[in-house]
Each structure stands twice: as C-alpha cells, then as structure tokens.
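In: Mind looking at a prediction? Sequence and model below.
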Amino acid sequence: MYIYLLISQNMKKILLIASIFSASILSSCTITKPVSATSNTVGSKKGESEGTCYFGVMCFNVDASIQKAAKNGGITKISTVDLKTSNMLGIVVTYTCIVTGE
C-alpha cells in the first residue's frame, strides 16, 4: 500500500511538471509598440503589412514595410505607425506593421 502511494504522489508531480512545461511551450507573446507619429490628423484608414520569420533568421519573401502597409490601406498621408510582434518561443516570429492615416 505504501509503495502505491509513493508512486501515485510521484506521478502527480510528473504530471504537474509536464502540464506546466506543455503550457509554456504552447504559449506566445504579442507586443504592439508605437514606432512613429506625424503631425497629420489621425485618419479613418488603416493598413497592415505582415511577415513571418523562423528561428529569428530565416525570412522568406517578407515585406512588413511602412510603404506596403500604407499601400494596402490606400493611405497617402500617414499619421501613426505601430509595430506588432508575435513571438512563439523564438521559433516563429510574426512582424506586423500597422499604419493609420488618410
């Protein structure tokens, strides 16, 4: 009976550690920060451009530029520029440039 209780307690600890490890592996972090602002009035248009990189160095056909975001939103006068970064343990990093204006 005592051996069964020891195994049961150890299994609980192992399952707890495994669940914490799994949650940390599957978690991600997303940060949006301002990059620039102009004296133009804040408009109603919004444009985005996005690019995804793997392991921080492998980026294929990525264009997350301000120019592309403005073009995607039909913006000619830029008001604000924000950069949104989504990071999944440094393995998959997605950059999104968000431009507002008229």
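Out: Looks like it came in fine.

In: Thr96: which element?
Out: If you go by DSSP states H and E, Thr96 is part of strand 92-101.

In: name the helices or strands packed onto that strand?
Out: strand 45-54, helix 66-73, strand 78-88 (3 or more Cβ pairs under 8 Å, 6 or more residues apart in numbering; DSSP states H and E). Any C-beta I mention is one placed from the backbone N, CA and C, and that applies to glycine too.

In: Parallel or antiparallel, which strands does it pair with?
Out: Applying DSSP bridges, strand 92-101 is found paired with strand 45-54 (antiparallel), strand 78-88 (antiparallel).

In: Next secondary structure element downstream of the helix or strand bottoming out on mean pLDDT in the chain?
Out: Least confident helix or strand, the chain: helix 2-26 with a mean of 70, by mean pLDDT, DSSP states H and E. For helix 2-26, the following helix or strand on the C-terminal side (DSSP H and E) is strand 29-37.

In: Show me the strands paired with that following strand, marking each as parallel or antiparallel.
Out: Strand 29-37 has these strand partners (DSSP bridges): strand 78-88 (antiparallel).

In: Thanks again, I'm all set now.
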